[in-house]
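Enquirer: Turn this into a structure:
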Amino acid sequence: MATKTRSLRDLTSFGDVAAEDDAVLDYFLTTDAVASIKNGDVFLVLGRKGAGKTALVRHFAEGNGNGVSRSLNLGGYPWAVHAQRMDRGSSDVEAYVSSWRYLIAVQLAVLALSRAPRAADENAKALQHFLADNYGDAIDMEDVLRPSKLRLSSMSFEPMVFGCKLGGIALDRGKTDLKLGMELDALSDMIIASALKLARSAGAPSLMLHFDELDQGISTLTEERARMLAGLVLAARSVRQSCRDGGVPVHPVIYLRSDLWDKLSFSDKNKISESLALRLEWDSDSLMELVSARVRAKLGPGTSWDSITTPDTLRGSYTKWNYIVGRTFLRPRDVIKFLNSALRQARARDESPLLLSNPDVVNAREAYSAYLKSELDDEIMAHWPQWEEALQACSAISTMTFQRDEFAEEYEERRSKHNTVGTDEALEMLYRFSVIGYERRSGYGGSSWAFQYTNPEAGWDNRATRFKVHLGLKEFAKLRED
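Expert: Numbers count the residues shown, from 1 in each chain. The predicted model follows:
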């Protein structure tokens, strides 16, 4: 059957670049990642900005009828307050595990009570009394660690530490106090146990917490923030392990930018990366599925990519799709941005039916390239504030490919006194964020370009001498083909 032609005149957008602002649930594409998270196979979801982390959070928190889920957006989280809730009796890496376990416990209590708001058993009453005594009628995640002291009673919880019953737990502690961690852990264990019993009696199939937007507000990843992020990961793993036999699956899930994860350092990091983490990765085919789902939702079930584009190819026999995807980091965000830019070009024409043409795609490059540079700013600035000096060096060379010595000369000429990143490290950093790739020789006399986003297994080669700037930056950096 021939594909029915559709007009782009009926389409105002392919969607919003940011999943939090998009009607993503109208055309959510179910992938293997959904099953891995839902089944508890992983608890850490990694990906570059724009890889689809927030879309997954929204799917579980807003669009999933199975299980009880809650999205915990840390965009405005009071990190400075949390930093004061340090367990000085633990190592630096584990100093924030107990405070995160307590926060997770409280959120599980809120989640369980939402499933059984009118429950009158002892577990529901204990949780309700505890929350009311310490947080009043409503509790926001930002307030969980704000009280200077947690009030405990026989009506709520009275944990035991070293054989002594606790009547309260002071969160404000002096620098010589070493007991906060063990006291919080004892309380958290009791809260979690009651939450699980309540959830089980209410018939909840699972309890899921989704920690998102952990990168918000990070201009520089400090050692303290790195320890706090590591503490959250370790706390989530600890809660998972302690709830295995609770009768109700408990899945605290953390969504984190991969570049921030790569900067963390703690003993079990590799074990978590290998067995309990999921890296969100897309390819041309899966991105096409995503776009197809969107156009079907917006233009009708019979719509396909071929029905909204002209059939001619671009220079070099590139299809429109391959031309667009080649300028992205293989992320949904990038494809949507490029398509929206091309759509604006198309809608300026008075044609019917209106289809995406070659000139639309070509003329969308400049706006898209500026967007991609802005995206890289958001990712790289936290690690290297002067990174644009390296991009300026690439612009000065003026060609898409360059030699190491060419870059060294132009970069050192532009390197400011506050920029501590030397030439070799600069090239490695540019590769790490896929700004550049390097030429990789094969044993058969051929060669290919290795970019981190397409060939992560290749790793960085500090002996590489020839490099290529990512095609999506060509217009912004004003580069030309060799």
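Enquirer: Going by C-alpha atoms from here, please, whenever you check contacts or count neighbours.
Expert: OK.
Enquirer: gap between the two ends of stretch 428-444?
Expert: End-to-end distance for stretch 428-444, by C-alpha to C-alpha, to the nearest Å: 26 Å.
Enquirer: Check stretch 244-253 too.
Expert: Stretch 244-253: ends 15 Å apart by C-alpha to C-alpha.
Enquirer: and if you look at stretch 470-482?
Expert: 14 Å.
Enquirer: Please spell out which residues along stretch 442-455 are buried.
Expert: 449, 450, 451, 452, 453, 454 (16 or more other C-alpha atoms under 10 Å).
Enquirer: Would you mind measuring the gap between the ends of that stretch?
Expert: Using C-alpha to C-alpha, first and last residues of stretch 442-455 are 14 Å apart.
Enquirer: now for the buried residues of stretch 442-455, which pair is the farthest apart?
Expert: Within the buried residues of stretch 442-455, 449 and 453 form the most distant pair, 11.4 Å apart (C-alpha to C-alpha).
Enquirer: Let me know the average pLDDT across stretch 381-401.
Expert: Across stretch 381-401, the average pLDDT comes to 96.
Enquirer: Among the buried residues of stretch 442-455, name the ones in helices.
Expert: Using DSSP state H, the subset of the buried residues of stretch 442-455 located in helices is empty.
Enquirer: Quick one: those residues as CSV, columns for distance to residue 7 too.
Expert: Shown next, in CSV, are the buried residues of stretch 442-455 (distance: C-alpha to C-alpha, whole Å):
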residue, distance to residue 7
449, 38
450, 39
451, 37
452, 38
453, 34
454, 34
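Enquirer: ok, of those, which one's closest to residue 60?
Expert: Distances from residue 60 to the buried residues of stretch 442-455, taken by C-alpha to C-alpha, are shortest for residue 453, at 26.7 Å.
Enquirer: Only the buried residues of the worst-scoring helix or strand of the chain on mean pLDDT, if you could.
Expert: The weakest-scoring helix or strand in the chain, judged by mean pLDDT, DSSP states H and E, is helix 53-62 (a mean of 87). For helix 53-62, burial by neighbour count (16+ other C-alpha under 10 Å) applies to 53, 54, 55, 56, 57, 58, 59, 60, 61.
Enquirer: residue boundaries of the strands in the stretch 351-482 of the chain?
Expert: Ranges of strands within the stretch 351-482 of the chain are 401-403, 436-441, 447-450, 466-469, based on DSSP state E, counting those that start in this stretch.
Enquirer: Quickly run through the sheet partners of the first one, with directions.
Expert: Okay, so that is strand 401-403. strand 466-469 (antiparallel) (DSSP bridges).
Enquirer: hmm, back to that, helices or strands next to the least confident helix or strand of the chain in the packing?
Expert: strand 44-47, strand 68-73, strand 207-212, strand 250-257 (3 or more C-alpha pairs under 8 Å, 6 or more residues apart in numbering; DSSP states H and E).
Enquirer: Which of those sits closest to residue 159?
Expert: strand 250-257 (22.1 Å).
Enquirer: and after the closest one, which helix or strand comes next?
Expert: From strand 250-257 onward toward the C-terminus, using DSSP states H and E, the following helix or strand is helix 258-263.
Enquirer: same for that following helix, what does it pack against?
Expert: Helix 258-263 packs on strand 44-47, going by 3+ C-alpha pairs under 8 Å, 6+ apart.
Enquirer: Include distance to residue 273 and pLDDT when you put the buried residues of stretch 442-455 into TSV, please.
Expert: What follows is the buried residues of stretch 442-455, written out as TSV (distance: C-alpha to C-alpha, whole Å; pLDDT from 0 to 100):
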residue	distance to residue 273	pLDDT
449	26	95
450	23	95
451	21	96
452	17	93
453	17	93
454	19	92
